[in-house]
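> Okay, structure incoming, though there's no sequence with it:
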């Protein structure tokens, strides 16, 4: 291996990327001299991020303690994982299980725990902070947001001493969704993990959501 700006097999190789920013402490890289991909081996970091030209997330590569690539997390079209649908980006992962083996491996959709581990602050909803948004859900506050041309209204209420969340599609013949919690907690996780947004969860579409006032 070599040629991507690492100490590959003990050899100091010229850098082909440069750091242009950091997100939650993770370096954002941009290619040099016509190079565009993130390195297969890291120089000193455990992860690197690549952004799209418009500044939104495209890819993160994660490395082990020996600086070898172990995960590649990408946000783009992946029809094989989305019933051949080619309109909406999705977040998925390739795992690299063998050192120096960079063959493309079968991808899988990102799971909730993987999202929490790798994407704090990386994928960001538009016009707001996602953690603040989720905090409001926990309190049952009224929230408005836009996704894929549709406006949604989310609110919490109490019915028969049970805390519930209700989501309304604010359009003609729009759907209503309801989740039941218990007498102390709103069903936040149930809402966040339900695949109601074109077959995707809230976490999978977070960077396509715009938080609005009403």
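Received the coordinates, thanks. Here the structure is a predicted model, which is why all the values come from computation and not from measurement.

> Touching, residue 157 and residue 166? I think so.
Yes: counting by C-beta atoms under 8 Å, residue 166 is a contact partner of residue 157 at 6.8 Å. (Each C-beta comes from the backbone N, C-alpha and C, glycine too.)

> who has more neighbours, these two?
Shown here are residue 157 and residue 166; by other C-beta atoms under 10 Å, residue 166 has more neighbours (15 against 12).

> List the contacts of the more buried one.
Going by C-beta atoms under 8 Å, 6 or more residues apart in numbering, residue 166 touches 154-157, 176-179.

> Which of those residues are buried? Put it as a PyMOL command.
To isolate the buried subset of these in PyMOL, counting by 16 or more other C-beta atoms under 10 Å, use the following:
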select buried, resi 154+156+179
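
> Restricted to strands, list the contacts of residue 166.
Counted as lying in strands by DSSP state E, out of the contacts of residue 166, are 154-157, 176-179.

> Go through these and say which is closest to residue 92.
residue 177 (24.8 Å; C-beta to C-beta).

> pLDDT at the closest one, what is it?
pLDDT, residue 177: 97.

> For beta bridges, what are the partners of it?
Residue 177 has the following beta-bridge partners by DSSP bridges: residue 167.

> So it sits against residue 196, correct?
Yes: Residue 177 lies in contact with residue 196 (C-beta under 8 Å); the separation is 5.8 Å.
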